[in-house]
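[1] Let me see the structure of the following:
(one chain, ligands or ions: 1)
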Amino acid sequence: MVWDAWGIPAGHQPLSAQIRGLLAQVFGISGDPVVRRDEGDVPLRESALTPAQRDGLVAVVGVGNVSTDHHDRLVRAGGKSTPDLLRRRLDGLQDAPDAVVFPADHEQVLAVLAYCADNAVAVVPFGGGTSVVGGVEPDRGRFATVIALDLRRLDRLHAVDPVSGTATFGAGVTGPRAEELLAAHGLSLGHFPQSFEFASIGGFAATRSSGQASAGYGRFDDMVQRLRIATPSGDLELGHAPASAAGPDLRELFVGSEGAFGVLTEVTVRVRPRPETVVHQAWSFPDFATGAVALRAVVQAGAAPTVLRLSDEAETGLNLARSGDIGGGSVQGCLAITTFEGTRAHIERRVAEAEALLLAAGGAALGSAPAEQWEHGRFAAPYLRDALLDLGVLCETLETATSWSALAEVKAKVTAALTDSLSGQGTPPVVMCHISHTYPTGASLYFTVVAKQTDDPLTQWGIAKRAAGDAIVAAGATITHHHAVGTDHRPWLTAEIGELGVRVLRAVKRELDPVGIMNPGKLIR
Ligand SMILES: Cc1cc2nc3c(=O)[nH]c(=O)nc-3n(C[C@H](O)[C@H](O)[C@H](O)COP(=O)(O)OP(=O)(O)OC[C@H]3O[C@@H](n4cnc5c(N)ncnc54)[C@H](O)[C@@H]3O)c2cc1C
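    Numbering: from 1, shown residues only. This is a model prediction of the structure:
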């Protein structure tokens, strides 16, 4: 991945005339995009890795697998949130891990952690580096040295059990590679977050990721069957049966642990046969409230689409503008997408049931084209953010989840918090929202915020994010449905799990990581 933006250079596209026109009209923004710096010109904080530390790490992973190279450090300087990318655009010294270490397997990870604990080196587990909550910040904590522990060499499919429907991956396997490896067995994981192309299996588990097909395949934490974990205190293997009454489920301590307790080195996940058929459908609802009632009816009836999402009026309008009017101008109000995967017979029944419910709730069928176009372009949106940032437009997302009964109130309060805080800074935003993940009892809300940047966009977004986070917590929703806590959401964790809850997590960390080398400052302090 490139160091100061999303993805690969080939994915970067200039903004269309249509979007440029919209930006001029709504925000008065025109002009040329900033020219980004060449990687080689970026000054990096000098590496604090001592020769003795280098020798110690080389003794574990081999000479070619400890790097203090400028590029290797720079591309692991942090994650991919908008503040991360804005910081990369600042002049002056960039911080970065002092070295990047590439272990080959579980035993090497265990030995690196033991070495680091004995030699006061902080460790940041690094999967795909797509964190949007500060999860891979090279925070040294109270140590002089921090390494990024890059898990890309843990890239194997260790085992497939087609009878039970499970597969065991090394933590560093990326989303596309996992699907490729499973395809050879006629299987699929079905986990497609927007960061799919770059994020890793270990990262998905460590952050409780949720993919766009979560209505059908479930969240990633639901898919996890077994975990192999290396910690500074030793290793663990958890999850011996599909279900167990052997006390509290300790796997739950590690999914979502964000590298603060140890490193997930192998993850066994539930897999499914590759779908025989996929049916795409798009729907239009007169407004968001009507659409939300319709989605709830579908989920609560168990009609089980694979993808089920609803854009609000603002997002529907922008998507039409972006795509040159997907679906040929027929969408007004709010666009909903459903897809169904499985065998033809199984799909037919579910499609019929969902169709009846969506129509009864006020939906109008739009055919398959808008849904197919959404699926086709779904991994490209992050590149659009880069082009907007380059032009002086602030663009960031945030997410939460709540019960169906509180959904409208949470949406209204978060939208108001974002609108008021940015308008108060002289930069009225456009706030868009969609329901991205659904459950029988509630749903997630995913907000996209676009505004003109001030002279200090980091402070500008910091104020807006604080207002939104406070609004989420005050409304009783979760501070994060799938992005995780990292550093950015830590201020709200106590409100969510209570003082005692935070003390429980600290106690677990003390046991597994007594010296405190694991990902300092992430999840808990
Ligand atoms: C454009 C964009 C779109 C996104 N879309 C989605 C989405 O649709 N759904 C979603 O859930 N998330 C999404 N995210 C967030 C992010 O991609 C997820 O959190 C993802 O799971 C991170 O995986 P990763 O391999 O990149 O982990 P990293 O970013 O490398 O790490 C994330 C955290 O996990 C820790 N970690 C990583 N690997 C391990 C391991 N093996 N053991 C222990 N700790 C580890 C890291 O230290 C860090 O704290 C998006 C991010 C971006 C930038």
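[2] what about the helices in the stretch 401-525 of the chain?
    Using DSSP state H, counting those that start in this stretch, the helices of the stretch 401-525 of the chain run over 407-423, 457-474, 493-512.
[3] Let me fix that, I meant to ask about the stretch 201-350 of the chain.
    In the stretch 201-350 of the chain, the helices defined using DSSP H, counting those that start in this stretch lie at 201-207, 214-217, 220-223, 251-254, 288-301, 313-322, 344-360.
[4] Of the ones you listed, which is nearest Val61?
    Closest of the helices of the stretch 201-350 of the chain to Val61 is helix 201-207, at 16.9 Å (criterion: C-beta to C-beta). Every residue, glycine included, has its C-beta placed from N, CA and C.
[5] what's the average pLDDT for that closest one?
    Averaged over helix 201-207, pLDDT sits at 98.
[6] Tell me which residues of that helix come out buried.
    By neighbour count on 16 or more other C-beta atoms under 10 Å, the buried set for helix 201-207 is Ile201, Gly202, Gly203, Phe204, Ala205, Ala206, Thr207.
[7] Give me the contact status of that helix with the ligand.
    Yes - against the ligand, helix 201-207 shows contacts by C-beta under 6 Å from any ligand atom at Gly202, Gly203, Phe204, Ala206, Thr207.
[8] can you redo the buried residues of helix 201-207 as a markdown table with distance to Asp221?
    Putting those into a markdown table (distance: C-beta to C-beta, whole Å) gives the following:
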| residue | distance to Asp221 |
| --- | --- |
| Ile201 | 13 |
| Gly202 | 13 |
| Gly203 | 13 |
| Phe204 | 9 |
| Ala205 | 7 |
| Ala206 | 10 |
| Thr207 | 9 |
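[9] Settle this for me: Thr231 is touching Phe261, isn't it.
    Yes - counting by C-beta atoms under 8 Å, Thr231 does reach Phe261; the two are 6.2 Å apart.
[10] Tell me which two in the residues of helix 201-207 next to the ligand are the farthest apart.
    Taking every pair in the residues of helix 201-207 next to the ligand and measuring C-beta to C-beta, the maximum separation is 9.6 Å, between Gly202 and Thr207.
[11] so what sits against both of Thr231 and Phe261?
    Among the neighbours of Thr231, those also in contact with Phe261 (C-beta atoms under 8 Å, 6 or more residues apart in numbering) are Leu512, Asp513, Met518.
[12] thinking again about what came up before, highest average neighbour count across the helices of the stretch 201-350 of the chain?
    helix 201-207 (a mean of 30; mean count of other C-beta atoms under 10 Å).
[13] That one packs against which elements?
    On a contact count with 3 or more C-beta pairs under 8 Å, 6 or more residues apart in numbering; DSSP states H and E, helix 201-207 meets helix 175-183, helix 220-223, strand 263-270.
[14] Could I get the average pLDDT for the second one?
    Averaging pLDDT along helix 220-223 yields 97.
[15] can you tell if that helix touches the ligand?
    No - Helix 220-223 lies out of reach of the ligand by C-beta under 6 Å from any ligand atom, never closer than 7.2 Å.
[16] Least confident of the helices of the stretch 201-350 of the chain, on average?
    helix 313-322 (a mean of 82).
[17] sorry, back to before: could you dump the helices of the stretch 401-525 of the chain into TSV with mean pLDDT, mean neighbour count and distance to Val63 added?
    As requested, the helices of the stretch 401-525 of the chain are exported to TSV (pLDDT from 0 to 100; neighbours: other C-beta atoms under 10 Å; distance: least, C-beta to C-beta, whole Å):
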stretch	mean pLDDT	mean neighbour count	distance to Val63
helix 407-423	98	19	50
helix 457-474	98	19	39
helix 493-512	98	14	30
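[18] For the protein, list the residues in contact with the ligand, please.
    For the chain, the contact set with the ligand under C-beta under 6 Å from any ligand atom comprises 6, 79-80, 124-132, 135-136, 151, 171, 193-195, 199-200, 202-204, 206-207, 209-210, 258-259, 263-264, 382, 482-484, 486, 519, 522.
[19] Quick one: buried ones out of those residues?
    Buried members of the residues of the chain next to the ligand, scored by 16+ other C-beta under 10 Å, are 6, 79-80, 124-132, 135-136, 151, 171, 193-195, 199-200, 202-204, 206-207, 209-210, 258-259, 263-264, 382, 482-484, 486, 519, 522.
[20] In space, what's closest to the residue in the stretch 401-525 of the chain that the ligand sits nearest to - neighbours in sequence excluded?
    Closest approach between the stretch 401-525 of the chain and the ligand, counting by C-beta to the nearest ligand atom: His482, at 3.7 Å. Spatial nearest neighbour of His482, chain neighbours left out: Ser210 (3.8 Å); criterion: C-beta to C-beta, 6 or more residues apart in numbering.
[21] between the residues of helix 201-207 next to the ligand, which is closest to Leu357?
    Using C-beta to C-beta, Phe204 comes nearest to Leu357 of these, at 30.8 Å.
[22] what's the helix or strand for the closest residue to the ligand within the stretch 301-450 of the chain?
    Closest residue of the stretch 301-450 of the chain to the ligand, C-beta to the nearest ligand atom: Pro382 (3.6 Å). Assessed by DSSP states H and E, Pro382 sits inside helix 381-390.
[23] got a list of contacts for that helix?
    Contacting residues not belonging to helix 381-390 are listed as 5-7, 11-15, 19, 23, 33-34, 36, 80, 82, 85-86, 89, 194-195, 322, 394-396, 450, 453 [C-beta under 8 Å, 6+ apart].
[24] same check, this time on stretch 504-517
    113, 116-117, 120-123, 141-143, 231-233, 253, 260-262, 497, 518, 523-524.
[25] Only C-alpha atoms, please: export that stretch in PDB.
    What follows is stretch 504-517 as a C-alpha-only set of coordinates in PDB (Å, rounded to 0.1, in the frame of the first residue of the first chain):
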ATOM      1  CA  VAL A 504     -11.000  -6.400  34.000                       C
ATOM      2  CA  LEU A 505      -9.300  -5.700  30.700                       C
ATOM      3  CA  ARG A 506      -6.300  -4.200  32.400                       C
ATOM      4  CA  ALA A 507      -6.000  -7.300  34.700                       C
ATOM      5  CA  VAL A 508      -6.100  -9.600  31.600                       C
ATOM      6  CA  LYS A 509      -3.400  -7.500  30.000                       C
ATOM      7  CA  ARG A 510      -1.200  -7.600  33.200                       C
ATOM      8  CA  GLU A 511      -1.400 -11.400  33.100                       C
ATOM      9  CA  LEU A 512      -0.600 -11.900  29.500                       C
ATOM     10  CA  ASP A 513       1.700  -8.900  29.000                       C
ATOM     11  CA  PRO A 514       3.200  -8.100  32.400                       C
ATOM     12  CA  VAL A 515       5.800  -5.700  31.000                       C
ATOM     13  CA  GLY A 516       3.300  -3.900  28.900                       C
ATOM     14  CA  ILE A 517       5.000  -4.200  25.500                       C
END
